[in-house]
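> Predicted model, plus sequence, below.
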Amino acid sequence: MIYLDSAATTLQKPPSVARAAAWAIGNLASPGRGGHLPARRAAETAFACRQAAAELFGMENPEQVVFTSNATHGLNIAIHSLVKPGDRVLISPWEHNAVTRPLHALGAEIQVAKAPLFDQQAQLDAFEAGLEAHPAAVICTHISNVFGYVLPVEDLAVLCRRRGVPLIVDASQSAGCRLVRQDALGASFIAMPGHKGLYGPQGTGLLLCAGDTLPLLYGGTGSASALQTMPDYLPDRLEAGTHNLPGIAGLLAGLRYVAKRTPEAIGQREGGLIRRAAAGLSRLPGLKLFLAADSACQGGVLSFQIDGMDCEEVGEALSHRGIAVRAGLHCAPSAHENAGTLEAGTVRASVSDFNTPAEMDRFVWEISRLCPHTGSTGRFSIPKQT
């Protein structure tokens, strides 16, 4: 199978990730829950994972790296820490439901900084205008999970610092394949999954905390057990209950893989694969590509539509041909609404460091066979690999 759904979760991972998770199941207990060897090993593994994340993402104190079950969990913590019912919150038009649903549930006043797709300057101008209303917080995805659009988060962070407005960054699509540094952004919170660009197991995530926090869950932490309130220090304040040590051990292996390869090298490879696929798809009649003119504005995600074909139908047909993509609204209806694709959705292909140029060529070939304007036999030749 050719797997092109890494924006949802990376399926192909470094072999060290599975080995680490399997080793943890038989060797690690719970950190902070005893002085015996399995508990000590668990504490050492958890700290090593925090330390690796702190080094990769520019956090001075590893204890400000909090384990979550996914990016959604981390975003909920961040939002509940900064936003009260009725507060005005400024967001990009490309946000995932992991941002918009918690805001709606809180009864926040949501202000959208609308701007055209792939227009970074217009997006920055819209944020600057929105900041005039003095929002309680700004929330921005680093890369759109639908279109791969790289938003101007670094410049936005400067505006937020200048206005004294806390910033939450959703790094779900950028962590591991783009430079994400808390020390450079100065964001109050940066949330990321462990199971996408960091190549960890599902059920893992990280929240980088530089701002004041409020617990989302309450319970045992293995520390300050006599208190009936959550500890007032990180990471314990936000980590109630038993840790996912197999996941954390696997995530540590994934972080080490990314650090060795470097996010810049991974992002460059993914961008090249997307551009290769786009070059082939652009030659097909009746196909609409959502492609940035400037390659620096797009990550490893490519959305498209085929005239006369339902997106879900395209996704299913590709699945039967051994290619995994995602079709529909991708849990981001706001992004589709802003791009004018809410009614039809899109087909999304997303790559990882483990995809190959040959897979991109096969993907384009199969699309050419599906396009009604090329016929079932197709009139498309696979380009020579370079």
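Happy to help now that I have it.

> which residues of the stretch 201-350 of the chain fall in strands?
Assigned by DSSP state E, counting those that start in this stretch, the strands in the stretch 201-350 of the chain fall at 205-209, 287-290, 301-306, 323-324, 326-328, 346-350.

> I'd like those strands written out as JSON lines, with mean neighbour count and mean pLDDT added.
For every residue, glycine as well, the C-beta is placed using N, CA and C. Listed next are the strands of the stretch 201-350 of the chain as JSON lines, based on neighbours: other C-beta atoms under 10 Å; pLDDT from 0 to 100:
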{"stretch": "strand 205-209", "mean neighbour count": "28", "mean pLDDT": "98"}
{"stretch": "strand 287-290", "mean neighbour count": "18", "mean pLDDT": "97"}
{"stretch": "strand 301-306", "mean neighbour count": "25", "mean pLDDT": "98"}
{"stretch": "strand 323-324", "mean neighbour count": "18", "mean pLDDT": "98"}
{"stretch": "strand 326-328", "mean neighbour count": "21", "mean pLDDT": "98"}
{"stretch": "strand 346-350", "mean neighbour count": "27", "mean pLDDT": "98"}
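
> Which among those strands is found nearest to Asp361?
Nearest to Asp361, of all the strands of the stretch 201-350 of the chain, is strand 323-324, at 11.9 Å by C-beta to C-beta.

> strand partners of the closest one, parallel vs antiparallel please.
strand 2-3 (parallel) (DSSP bridges).

> what's near enough to touch the closest residue to Leu82 other than its chain neighbours?
Distances taken as C-beta to C-beta, 6 or more residues apart in numbering place Ala137 nearest to Leu82, at 4.5 Å, with adjacent residues excluded. Neighbour list for Ala137: Ile79, Leu82, Val83, Asp87, Val89, Leu90, Val165, Pro166, Leu167, Ile168, Ser188 [criterion: C-beta atoms under 8 Å, 6 or more residues apart in numbering].

> Just the buried ones out of those residues, please.
For the contacts of Ala137, a burial check counting by 16 or more other C-beta atoms under 10 Å picks out Ile79, Leu82, Val83, Asp87, Val89, Leu90, Val165, Pro166, Leu167, Ile168, Ser188.

> In its sheet, which strands sit next to the helix or strand encompassing the fifth one, and in what direction?
Element membership of Val89 [criterion: DSSP states H and E] is strand 88-91. In the sheet containing strand 88-91, its partner strands are strand 109-112 (parallel), strand 137-141 (parallel), by DSSP bridges.

> Rebuild the ones you listed as JSON lines, extending it with distance to Pro372 and mean pLDDT.
Below are the strands paired with strand 88-91 laid out as JSON lines (distance: least, C-beta to C-beta, whole Å; pLDDT from 0 to 100):
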{"stretch": "strand 109-112", "distance to Pro372": "36", "mean pLDDT": "98"}
{"stretch": "strand 137-141", "distance to Pro372": "34", "mean pLDDT": "98"}
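
> winner for burial among the ones you listed?
Among these, ranked by average contacts under mean count of other C-beta atoms under 10 Å, first place goes to strand 137-141 (a mean of 27).

> Pull the CA coordinates from that one and hand them back as CSV.
The C-alpha coordinates for strand 137-141 follow below in CSV (Å, rounded to 0.1, in the frame of the first residue of the first chain):
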residue,chain,number,x,y,z
ALA,A,137,-5.9,35.2,23.2
VAL,A,138,-4.8,34.4,19.6
ILE,A,139,-4.9,30.9,18.3
CYS,A,140,-3.2,29.9,15.0
THR,A,141,-2.4,26.7,13.3
